[in-house]
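Student: sequence unavailable; structure follows:
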């Protein structure tokens, strides 16, 4: 089953400095039919104006993955971490027992990103943060694991849940596949470009909630960059 969720039909908010679209219920957007997808709780499509951002605020018991599409985001937290994550790269924060953090766009132009929240397998534990560059050339034509808590994915950024975040860049006309346990919940969004997923067309920033499928066959209708969450 593939449930297409067109970008134009997503919830959202415009705060001036922040333009956000929400694939699932978040903040003032509430849809009882879209409270999450398996352990995936939040997928926000954010555009952050230059020299602005999210001031310090708290989180607990959530795995928060940031996939930067354009520009860069600068992270600071109560653990003393500070880092800049640029386009195509990923940062992960495990909130654990509690952490405060700020995310600022200190660049000269807007930053766009996906913010993904996945529920941890267990509450608690010390908070942590990490970031890593993922060269797009390494994921040309295939899915590469960016963050994961699944066995065998030790080269990815660690998260405390049996889920995987993967990305691929696919040239127009090319096809790649992702093997999927039909009992799990996958969610796929093209960051750029249009694709077909098992015959269902998705335009840029559309979402697809997927379950009951044993494989995803992704064909790029134009040069595309896709992000996938595979969760319990």
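Tutor: Arrived safely, thanks for sending. Quantities reported herein were computed from a predicted structural model and do not represent experimental measurements.

Student: buried sites along stretch 53-72?
Tutor: Residues 53-54, 59, 61-72 are the ones in stretch 53-72 that count as buried (16 or more other CB atoms under 10 Å). Bear in mind the C-beta positions are built from the backbone N, C-alpha and C, glycine included.

Student: which ones among the residues you listed map onto strands?
Tutor: Per DSSP state E, strands hold the following members of the buried residues of stretch 53-72: 53, 54, 59, 63, 64, 65, 66, 67, 68, 69, 70, 72.

Student: which of those lies closest to residue 97?
Tutor: Nearest to residue 97 among those, counting by CB to CB, is residue 59 at 10.5 Å.

Student: and the gap between the closest residue to the closest one other than its chain neighbours and residue 126?
Tutor: Of all residues not flanking residue 59 in the chain, residue 95 sits nearest, at 3.9 Å (CB to CB, 6 or more residues apart in numbering). Per CB to CB, to the nearest Å, residue 95 is found 10 Å from residue 126.

Student: of these two, which one has the most company?
Tutor: More crowded of residue 95 and residue 126, by other CB atoms under 10 Å: residue 95, with 24 against 10.

Student: surely the more buried one is in contact with residue 64?
Tutor: Yes: Residue 95 is within contact range of residue 64, at 6.5 Å (criterion: CB atoms under 8 Å).

Student: returning to what we had before: so who does the residue nearest to residue 59 touch?
Tutor: 59, 60, 61, 62, 63, 64, 127 (CB atoms under 8 Å, 6 or more residues apart in numbering).

Student: what does residue 118 give?
Tutor: Contact analysis of residue 118 by CB under 8 Å, 6+ apart lists 39, 40, 41, 62, 63, 65, 159, 161, 163, 229, 231.

Student: and for residue 231?
Tutor: Listed by CB under 8 Å, 6+ apart, the contact set of residue 231 reads 37-40, 118, 161-164, 184-187.

Student: now do the contacts for residue 47.
Tutor: 18, 19, 20, 110, 111, 112.
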